[in-house]
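Asks: Below is the structure, and that's it, no one-letter string:
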C-alpha cells in the first residue's frame, strides 16, 4: 500500500521512508517500526531506532513491520496527495 523506497535528495525532497516492498528486514524479526506521515498525508513505515528523514513525522503507531503495514492499510484510504485533494476540492465549488 505504500510506495517508493528511494532515499535520495536533500531537504526532504525525494526522501521516503522504507515501504512495504522493501526487504531490509525479514518479517520474523523483533525490530520495531513506526508509522510515519509526510506533509502530503502519505504514509510509510520507518525503523524506530533510526532518525526520521526531513519531512516525515511519527503518526503515533509503533509495532512490528506487519502491524504497521496493516495499520496503514486501514487508515490510508485516499492515496492522492493532500495538495491534489485540496486542488480538486476547490474546483468543485
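Replies: Nice, I can see it. Since the structure is predicted, the reported quantities are computational estimates derived from the model, not experimental observations. Numbering: from 1, shown residues only.

Asks: List the contacts of residue 62.
Replies: Residue 62 sits next to 32, 33, 34, 35, 48, 68 when contact means C-beta atoms under 8 Å, 6 or more residues apart in numbering. Just so you know, the C-beta spots here come from the backbone N, C-alpha and C atoms, and that holds for glycine as well.

Asks: how about a cut-off of 10 Å?
Replies: Applying C-beta atoms under 10 Å, 6 or more residues apart in numbering, one finds that residue 62 lies in contact with 32, 33, 34, 35, 45, 46, 48, 68, 71.

Asks: Please flag which of these sit within helices.
Replies: The subset of these located in helices under the criterion DSSP state H comprises 68, 71.

Asks: ChimeraX command to pick out the buried ones of the contacts of residue 62?
Replies: To isolate the buried members of these in ChimeraX, using 16 or more other C-beta atoms under 10 Å:
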select :33,34,35,45,46,68,71
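
Asks: nearest to residue 81, of the contacts of residue 62?
Replies: residue 35 (17.4 Å; C-beta to C-beta).

Asks: Dig out what the closest one forms beta bridges with.
Replies: residue 45 (DSSP bridges).

Asks: Enumerate every residue touching it.
Replies: Residues near residue 35 by C-beta under 10 Å, 6+ apart: 2, 17, 43-46, 58-63, 67-72, 75-76.

Asks: what about it, distance to residue 58?
Replies: 7 Å (C-beta to C-beta, to the nearest Å).

Asks: Then residue 34?
Replies: From residue 34 across to residue 58, the span is 5 Å (C-beta to C-beta).

Asks: where does this protein dip in pLDDT?
Replies: 1-28, 92-93 (pLDDT under 70).

Asks: Please repeat the previous calculation with a cut-off of 80.
Replies: For the chain, the stretches with pLDDT under 80 are 1-29, 91-93.

Asks: can you give me the helices in it?
Replies: Ranges of helices within the chain are 65-75, 82-91, based on DSSP H.

Asks: Pull out the buried residues from stretch 70-90.
Replies: Neighbour-count burial for stretch 70-90 [16+ other C-beta under 10 Å]: 71, 72, 76.

Asks: Can you report how many residues lie near the nearest residue to the second one once chain neighbours are set aside?
Replies: Leaving aside its chain neighbours, residue 72 sits nearest to residue 43 (4.7 Å; criterion: C-beta to C-beta, 6 or more residues apart in numbering). Using other C-beta atoms under 10 Å as the criterion, residue 43 is surrounded by 24 other residues.
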